[in-house]
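K.L.:
generate a structure from the sequence data that follows.
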Amino acid sequence: MTKIKAIAYGLGTVGIDVIAPAVDKGIEFVGAIDINPDLVGRDLGEAAGLGKDLGVKISADAAEVLANNPADVVFLSLFNDVRQMQPFIEDCVRAGLNVITPADDAVYPWAHAPEVSAAIDELAKSKGVSVIGSGLSDALVVSLVASLAGACHNLSKVKTDTRSCLNHASAYDLQKFGVGHDPEIVRAMFADFDELPAKRTTFEAIAADMGLKVTDFGGGYWPVVAEKDFYVPEHDLHVKAGTTMGIGSDATLETEEGISFEGVIRFELYPEGEADAGHSKMTLSGTPDISVVMSDIDVHGHVCYQIVNRVPDAIKAAPGLITNDELPRPKYRAFALDSYLS
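P.N.:
Just a heads-up that it's a prediction; the model follows:
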């Protein structure tokens with residue numbers, strides 16, 4: 001059976017950590033793209049810490065890589081905002097590549113970016129390929145909440161609370177989150193922040209899965225402030241009490257059917273010796289109530305592994321922009337991914 005061929009486009013924190021599990025599940029990389037001068041020219045396997053070369057040099061020339069390396073799928077890990085992602089998605093689609101991205105925005109972009117979504121959908125259909133968003137929300141929020149709701153007779157509210165550790169995030173992400181800065185400066189920065197509240201598209205995907213009509217939404221971002229001085233060895237960083245140690249985001253969504261959604265997610269640093277990967281709690285209020293707590297979950301790891309497990313679904317999906325509510329339920333892939341395509 002022919003191996004699945006892939007291109008890695010964007011080798012940041014998620015993009016580079018997808019390589020090892022993808023190779024482990026039988027994917028053959030034929031191209032790699034990034035503009036980071038510390039990565040360009042290096043072998044992808046060496047850069048990803050595999051302990052071996054893959055025979056694929058990382059290139060800054062996206063057009064050349066996409067045009068000259070036929071593949072089945074591209075792992076596109078650049079931005080969260082689908083509007084920023086549009087030209088990059090369309091370049092991949094024009095090259096005849098199925099696209100899978102960890103961008104939260106791609107989980108369900110139809111409500112907040114209808115014109116961009118329609119353009120991507122139309123182009124993907126014309127080229128016979130799919131574009132899907134996956135990651136943590138795919139398996140552990142959208143699919144899980146929808147499954148839990150299937151055990152309820154009535155439902156009035158869905159509430160989620162997630163905490164994610166930043167200790168292994170990139171220096172760029174810490175800068176983006178305003179770590180170490182005065183909280184008021186960070187608040188001012190978020191006043192002009194153009195990204196959606198982190199849970200909004202997740203809730204919209206759940207609502208779409210349940211056939212609900214969304215009537216209102218709200219939410220935003222705010223700095224998470226350190227209550228004491230502490231040290232973060234992963235970044236050799238001393239965080240001072242009263243400064244920003246991460247960001248929080250809340251989101252609300254109302255539906256015509258009377259079912260409401262509330263969510264909070266915090267991305268924060270942990271002191272030396274106290275870091276866990278993260279946790280998530282979700283509560284469904286109804287008949288009956290259901291509450292699920294997932295402790296010490298590896299948020300970053302789950303994002304990477306879920307993306308890899310979704311590859312067969314991306315290849316087999318109908319052409320177009322496929323949102324989380326339209327995907328089959330996530331599945332564990334015990335064997336080489338090409339074996340799931342027969």
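K.L.:
low-confidence stretches in the stretch 201-342 of the chain?
P.N.:
Applying pLDDT under 70 to the stretch 201-342 of the chain picks out residues 275-277.
K.L.:
let's see it at 80
P.N.:
Judged by pLDDT under 80, the stretch 201-342 of the chain has its weakly predicted residues at 272-278, 296, 299, 342.
K.L.:
where do the strands sit along it?
P.N.:
Listed in chain order, the strands of the stretch 201-342 of the chain (DSSP state E, counting those that start in this stretch) span residues 214-225, 230-232, 237-239, 244-255, 260-268, 278-287, 290-294, 320-322.
K.L.:
tell me which of those strands lies nearest to residue 27.
P.N.:
Distance to residue 27, taken as Cβ to Cβ, is lowest for strand 320-322 among these, at 19.8 Å. C-beta: built from backbone N, CA, C; applies to glycine.
K.L.:
same for the closest one, what does it pack against?
P.N.:
helix 114-127, strand 130-133 (3 or more Cβ pairs under 8 Å, 6 or more residues apart in numbering; DSSP states H and E).
K.L.:
which one of these has the most crowded surroundings?
P.N.:
Among the helices and strands packed on strand 320-322, strand 130-133 has the highest mean neighbour count (mean count of other Cβ atoms under 10 Å), at a mean of 28.
K.L.:
direction included, what does that strand pair against?
P.N.:
strand 98-101 (parallel), strand 320-322 (parallel) (DSSP bridges).
K.L.:
mind putting the strands of the stretch 201-342 of the chain in CSV, mean neighbour count included?
P.N.:
Listed next are those as CSV, based on neighbours: other Cβ atoms under 10 Å:
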stretch, mean neighbour count
strand 214-225, 17
strand 230-232, 17
strand 237-239, 16
strand 244-255, 22
strand 260-268, 21
strand 278-287, 18
strand 290-294, 13
strand 320-322, 23
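K.L.:
using a markdown table, please lay out those together with distance to residue 64.
P.N.:
Shown next, in a markdown table, are those (distance: least, Cβ to Cβ, whole Å):
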| stretch | distance to residue 64 |
| --- | --- |
| strand 214-225 | 37 |
| strand 230-232 | 39 |
| strand 237-239 | 38 |
| strand 244-255 | 37 |
| strand 260-268 | 35 |
| strand 278-287 | 38 |
| strand 290-294 | 43 |
| strand 320-322 | 26 |
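K.L.:
to residue 101, which of those strands lies closest?
P.N.:
Closest among those, using Cβ to Cβ: strand 320-322, at 11.1 Å.
K.L.:
hmm, back to that, right, and the helices and strands packed on strand 320-322 - which one's nearest residue 18?
P.N.:
strand 130-133 (14.0 Å).
K.L.:
residues in contact with that closest one?
P.N.:
Contacts with strand 130-133, where a contact means Cβ atoms under 8 Å, 6 or more residues apart in numbering, come from 89, 93, 98-107, 109, 120-121, 124, 310, 313-315, 317-324, 327.
K.L.:
just to revisit the earlier point, out of the strands of the stretch 201-342 of the chain, which gets nearest to residue 300?
P.N.:
strand 278-287 (8.5 Å).
K.L.:
relative orientation of the closest one and strand 290-294 in degrees?
P.N.:
Here strand 278-287 runs at an angle of 170 degrees relative to strand 290-294 (axes from the mean of the first three to the mean of the last three Cα atoms, to 10 degrees).
K.L.:
next, the angle strand 260-268 makes with strand 278-287.
P.N.:
Between strand 278-287 and strand 260-268, the angle comes out at 170 degrees (the same axes, to 10 degrees).
K.L.:
what's strand 278-287 packed up against?
P.N.:
Packing partners of strand 278-287 (3+ Cβ pairs under 8 Å, 6+ apart): helix 144-149, strand 154-165, strand 290-294.
K.L.:
return the backbone torsion pair for the residue most central in space within the chain.
P.N.:
Nearest residue to the geometric centre of the chain (Cα atoms, centre = their mean): residue 102, 3.2 Å. For residue 102, the backbone dihedrals (degrees, to the nearest 10) come out as phi -80, psi 0.
K.L.:
how much space separates the closest residue to it other than its chain neighbours from residue 129?
P.N.:
Spatial nearest neighbour of residue 102, excluding adjacent residues (Cβ to Cβ, 6 or more residues apart in numbering): residue 135 at 4.2 Å. Residue 135 sits 20 Å away from residue 129, going by Cβ to Cβ, to the nearest Å.
K.L.:
what does residue 328 give?
P.N.:
Separation of residue 328 from residue 129 (Cβ to Cβ) stands at 18 Å.
K.L.:
pick out whichever of those two has more residues nearby.
P.N.:
Each of residue 328 and residue 129 has its neighbours counted (other Cβ atoms under 10 Å); residue 129 has more, 24 against 11.
K.L.:
count of neighbours near the residue nearest to that one when sequence neighbours are not counted?
P.N.:
Nearest residue to residue 129, sequence neighbours excluded (Cβ to Cβ, 6+ apart): residue 98, at 4.7 Å. Other residues near residue 98 come to 26 when the count uses other Cβ under 10 Å.
K.L.:
compute the number of surrounding residues for residue 109.
P.N.:
By the criterion of other Cβ under 10 Å, residue 109 has 28 neighbours.
K.L.:
what's the pLDDT at the residue lying closest to it once chain neighbours are set aside?
P.N.:
Among residues not flanking residue 109 along the chain, residue 82 sits closest, at 4.3 Å (Cβ to Cβ, 6+ apart). At residue 82, the pLDDT value in this model is 90.
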